[in-house]
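>>> Give me a 3D structure for the following:
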Amino acid sequence: MTTELPLAVIGGTGLYALAELQDIETHQPVTKYGAPSGPIRVGTLAGQRVAFLARHGEGHSVPPHKVNYRANLAALQALGATRVLALNTVGGISERFGPRVLACPDQLIDYTWGRISTICEEAGSEVLHADFGDPYTPALRRSVIEAAKVSGVTLVEDGCYGATQGPRLETKAEIARMRRDGCDLVGMTGMPEAGLARELGLEYACLAIVANWAAGAGPDPDEVITLDDVLANVAAASSGVPKIVSALLAG
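Model (predicted):
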């Protein structure tokens, strides 16, 4: 029998653990969709039990198009999670979303292809037509935004996330198209994760961590970004995440 967890956190590139967790238990559930990306660490934060899963595996061995998104979410749900906070490392496209920005997007556009994107995939499954007009759960988004305010963490409170196939980065022309489409952020893991969460009945919100300008964006369209730059930006932008999670749990 599962015990309800008030929150599950999924970490993206550069975020392979939640260091603030205490009294950690490790779970390695196998779901009807297969095994998740890695072990699920359940620990105590702000006096409550929280689950953490590294989306790409703790050694970053699973590329975005190979992530078993269904198994990840089903495993968290089996452990009792009803709310999921997704941490996604992204590139910035529009001017409000430069490196080291932390954002809570309210919309997304899916450019991925070939990924299993529904729990209705298997023959005989019930066909679901999930309402997805607001891809992130509005109530959870409001709670995340309020938690950022309470904890004093600067957060951009909207934005459109464009989900691309990866694992390669995008061309300048692709980013220009995404800008015309209305995307503010670009990442590789926003879908099908958000859609699957909706089908599974999980509350779901995203904290997008801007690691760099997308190709051709930013003040210097020819800037060359190094891995050291990316990791430093992720560390800086994600430094407030534990405060937001703590405030979210206390709210």
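>>> Mind jotting down where the helices sit in the stretch 51-200 of the chain?
69-78, 138-151, 172-181, 193-199 (DSSP state H, counting those that start in this stretch).
>>> gap between the closest residue to residue 223 other than its chain neighbours and residue 31?
With C-beta to C-beta, 6 or more residues apart in numbering as the criterion, residue 223 has its nearest non-adjacent residue at 6.7 Å, and that residue is residue 213. Placement of C-beta: from N, CA and C, glycine included. Using C-beta to C-beta, to the nearest Å, one gets 37 Å for the distance from residue 213 to residue 31.
>>> With residue 43 instead?
Taking C-beta to C-beta, one finds residue 43 at 21 Å from residue 31.
>>> thinking again about what came up before, higher neighbour count, residue 213 and residue 31?
Legend: neighbour count by other C-beta atoms under 10 Å for residue 213 and residue 31, higher for residue 213 (20 against 17).
>>> list the contacts for that one?
91, 92, 98, 99, 223, 225 (C-beta atoms under 8 Å, 6 or more residues apart in numbering).
>>> What count of nearby residues applies to the first one?
Residue 91 is surrounded by 27 other residues when neighbours are defined as other C-beta under 10 Å.
>>> about what we covered before: need the contacts of residue 213 in a markdown table with pLDDT, can you?
Below are the contacts of residue 213 laid out as a markdown table (pLDDT from 0 to 100):
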| residue | pLDDT |
| --- | --- |
| 91 | 97 |
| 92 | 98 |
| 98 | 96 |
| 99 | 96 |
| 223 | 81 |
| 225 | 78 |
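>>> Make a PyMOL selection of the buried ones in these.
Selection of buried members from the contacts of residue 213 for PyMOL, criterion 16 or more other C-beta atoms under 10 Å:
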select buried, resi 91+92+99+225
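>>> Kindly indicate which of the contacts of residue 213 lies nearest residue 169.
residue 91 (7.6 Å; C-beta to C-beta).
>>> Can you name the residues that contact that closest one?
Neighbours of residue 91 in contact, by C-beta under 8 Å, 6+ apart: 169-170, 175, 185-187, 210-215, 217.
>>> Mean pLDDT added to the helices of the stretch 51-200 of the chain, as CSV?
As requested, the helices of the stretch 51-200 of the chain are exported to CSV (pLDDT from 0 to 100):
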stretch, mean pLDDT
helix 69-78, 97
helix 138-151, 97
helix 172-181, 98
helix 193-199, 98
